[in-house]
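Chemist: Let me see the structure of the following:
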Amino acid sequence: MTTARTKNGFAAGRLTVHRSPAELNAVTRALRGAGRKVALVPTMGALHEGHRELIRHARRLPGSTVTAVSIFVNPLQFGPGEDLERYPRPLEADLEVCREEGVELVFTPGVEDMYPPGSSTRLAPGPLGDELDGAVRPGHFAGMLTVVAKLFHIVGPDVALFGEKDYQQLVLIHKMVRDLDFPLSVVGVPTVREADGLALSSRNVYLSAADRERATTLSRALNAGAAVSARGADAVVETARAVLAGEPALQVEYLELRDTELGPAPATGRARLLVAARLGTTRLIDNVPVQLG
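Modeler: From the prediction side, this is the model:
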């Protein structure tokens, strides 16, 4: 399989790379006109095993489906002092991952391709956008939803796949698709973890060896909380909090139990336990499903 830039052509089974939104849109419109479906995996690059799993899910979809991956570090979702400049951008390695996984379309726009001079419109995420991660990262979800909406319009996918590790992001994208009548389905794919439980993240490369070990406290805390779910919501949170307290290097930003739509936790039924914390300058998030009662 080879990498090629095309203006309006498409070769099944061959990876083609597109920078221009108009160029990619023309290709996907032609594919849909020929009866093909398109599955989109939006990423910011630095692809790891979690991204590979998203791609594999897309490739397993029934029917004549073309798998597309976008690689774009979106400046709108980074706040002042965050890691926009140092965020990893190993494009050639990412393209090799796409080749290995059988991806057929890759979209690699530049900032001015996505946000031409004068662009100022942003999508408002609603009240949930100011909670949890939104309370710590003001404006983050407005930037995230804006780029996702643009990707949906440019690519025109039939289905888009996102990881459950960024659970609040997933909930907000589901809501945007419902509220704004996007003609596609959104699929959440369970979090992929290292053997020791650490959730895979492109930001894990920032961790020192010692912090890499400390970071496993997050998943241990969540699993400990989920293990006592029969005792109720308070026991879940208190148990997880006790595990987190055992690692003083962790600066916990939040630990919360919510329902599956991130409203207040129910007394019984399905819920989600979420945590965010910093280790030095690296910010990590994680979550697990919980069955209360």
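
Chemist: first to last residue in stretch 127-140, what's the distance?
Modeler: Start-to-end span of stretch 127-140 (Cα to Cα, to the nearest Å) is 13 Å.

Chemist: Just give me how far it sits from the chain centre.
Modeler: Remark: stretch 127-140 is offset 16 Å from the chain centroid, using Cα atoms, centre = their mean, to the nearest Å.

Chemist: What of stretch 126-134?
Modeler: In terms of Cα atoms, centre = their mean, the gap separating the centre of stretch 126-134 from the centre of its chain is 16 Å.

Chemist: Check which residues of it are buried.
Modeler: Buried residues in stretch 126-134, counted by 16 or more other Cβ atoms under 10 Å: 128-129, 131-134. The C-beta positions use only the backbone N, C-alpha and C, and glycine is treated the same way.

Chemist: Out of the residues you listed, the closest to residue 106 would be?
Modeler: The nearest member of the buried residues of stretch 126-134 to residue 106, counting by Cβ to Cβ, is residue 133 at 27.6 Å.

Chemist: My guess is the closest one contacts residue 144. True?
Modeler: No - taking contacts as Cβ atoms under 8 Å, residue 133 lies outside contact range of residue 144: 9.7 Å.

Chemist: the longest helix in this protein is where?
Modeler: Scanning the chain for the helix with the most residues, using DSSP state H, yields helix 209-227.

Chemist: Kindly export stretch 67-77 (C-alpha atoms) in PDB.
Modeler: Presented in PDB, the C-alpha positions along stretch 67-77 are these (Å, rounded to 0.1, in the frame of the first residue of the first chain):
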ATOM      1  CA  THR A  67     -12.100   4.300   6.700                       C
ATOM      2  CA  ALA A  68     -11.000   7.900   7.000                       C
ATOM      3  CA  VAL A  69      -8.700   9.300   9.700                       C
ATOM      4  CA  SER A  70      -8.200  13.000  10.300                       C
ATOM      5  CA  ILE A  71      -4.900  14.200  11.900                       C
ATOM      6  CA  PHE A  72      -5.100  17.800  13.100                       C
ATOM      7  CA  VAL A  73      -3.900  19.400  16.300                       C
ATOM      8  CA  ASN A  74      -6.800  21.800  17.000                       C
ATOM      9  CA  PRO A  75      -5.500  25.000  18.500                       C
ATOM     10  CA  LEU A  76      -9.100  26.000  19.600                       C
ATOM     11  CA  GLN A  77      -9.200  23.400  22.300                       C
END
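
Chemist: List the buried residues in it.
Modeler: So, applying 16+ other Cβ under 10 Å, buried residues of stretch 67-77: 67-74, 76-77.

Chemist: gap between it and the chain center?
Modeler: How far stretch 67-77 lies from its chain's middle: 10 Å, per Cα atoms, centre = their mean.

Chemist: just stretch 63-74 next, same as before
Modeler: With Cα atoms, centre = their mean as the basis, stretch 63-74 stands 13 Å off its chain's centre.

Chemist: swap in stretch 30-39?
Modeler: The chain centroid and the centroid of stretch 30-39 are separated by 24 Å under Cα atoms, centre = their mean.

Chemist: what about the strands in the stretch 151-293 of the chain?
Modeler: 159-163, 185-189, 251-259, 269-279, 282-292 (DSSP state E, counting those that start in this stretch).

Chemist: From the contact counts, what lies against the fourth one?
Modeler: Secondary-structure packing of strand 269-279 (3 or more Cβ pairs under 8 Å, 6 or more residues apart in numbering; DSSP states H and E): helix 167-179, helix 209-227, helix 233-245, strand 251-259, strand 282-292.

Chemist: so which of the ones you listed comes closest to residue 38?
Modeler: helix 167-179 (15.4 Å).

Chemist: quick check: angle from the closest one to strand 159-163?
Modeler: Helix 167-179 and strand 159-163 meet at an angle of 160 degrees, taking axes from the mean of the first three to the mean of the last three Cα atoms, to 10 degrees as the criterion.

Chemist: do you know how far residue 226 is from residue 19?
Modeler: Residue 226 is 43 Å from residue 19, where distance means Cβ to Cβ, to the nearest Å.
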